[in-house]
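# Quick one: sequence and predicted model below, then my questions.
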Amino acid sequence: MPYQWTSEPGEVPQTLRLWPHQSLPARGMAAFILATFAMILIPVVTLLGSPVLWGLLPFALLAVWGMYHALQRNHHARRIVEVLTLDTEAAQLVRTEPSGAVKEWDCNRYWTTIKKYEKDGPIPHYVTLQGMGREVEIGAFLSEEERVALYDELQRAWRR
């Protein structure tokens, strides 16, 4: 699961750290780009010595660059981190965006409610924290099963 309690149950404060899946490491991306380049060049090799090669080569390189650029943007977009800190009296959610911008939400733990929208949210099993007149999402980048498990864990943590 791409979230982890960084403190033991019952320990104060409780801290939950959430992050998106990181399924393609840097070495895997390099291998994928190299394999893509090799696969694109297979049909181009037959054109060696032909003037048609110079017409197709820029498009082959553009396709490889496009794949690299798309993977780099995806890697950049996965740099989201959410940290939920539960104190005896307060709850604080800090979300760090890929751009580095930090969004914070604080609330008295007693008045905070955890909601899960089965079908009404923008995604199935949408989990939010509500309090101080605001409702903030938590773990929207998780899969459906992970959001259901997160909701159950948050309910248990709030009761402690």
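That came through fine.

# I'd like the distance from stretch 139-157 to the chain centre, please.
Mean-position distance between stretch 139-157 and its chain equals 14 Å (CA atoms, centre = their mean, to the nearest Å).

# Please work out which residues outside that stretch touch it.
Outside stretch 139-157, the residues that touch it by CB atoms under 8 Å, 6 or more residues apart in numbering are 1-3, 5, 9, 14, 16, 18, 20-21, 80, 82, 84, 86, 114, 116, 122-127, 138. Using the backbone N, CA and C atoms, a C-beta is placed for each residue, glycine as well.

# which regions of the protein lie under the pLDDT threshold?
1, 9 (pLDDT under 70).

# Pick out the residue nearest the middle of it.
residue 20 (2.5 Å; CA atoms, centre = their mean).

# Is that residue located within a helix, as I assumed?
No - per DSSP: H, G, I helix; E, B strand; the rest coil, residue 20 lies outside any helix segment and is coil.

# Enumerate the positions of stretch 17-25 that are buried.
For stretch 17-25, the neighbour count (16 or more other CB atoms under 10 Å) marks 18-20 as buried.

# CA atoms only: put it into PDB for me.
Output of stretch 17-25 as PDB, limited to C-alpha atoms (Å, rounded to 0.1, in the frame of the first residue of the first chain):
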ATOM      1  CA  ARG A  17       2.100   9.400   5.200                       C
ATOM      2  CA  LEU A  18       0.500   8.800   1.800                       C
ATOM      3  CA  TRP A  19       2.100   8.900  -1.700                       C
ATOM      4  CA  PRO A  20       1.100   7.700  -5.200                       C
ATOM      5  CA  HIS A  21       2.300   4.400  -6.700                       C
ATOM      6  CA  GLN A  22       5.900   4.500  -8.000                       C
ATOM      7  CA  SER A  23       5.900   1.600 -10.300                       C
ATOM      8  CA  LEU A  24       8.600   2.700 -12.800                       C
ATOM      9  CA  PRO A  25      12.000   3.500 -11.200                       C
END
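
# elements contacting the top helix by length along the chain?
In the chain, assigned by DSSP state H, the helix with the most residues is helix 52-77. On a contact count with 3 or more CB pairs under 8 Å, 6 or more residues apart in numbering; DSSP states H and E, helix 52-77 meets helix 26-45.
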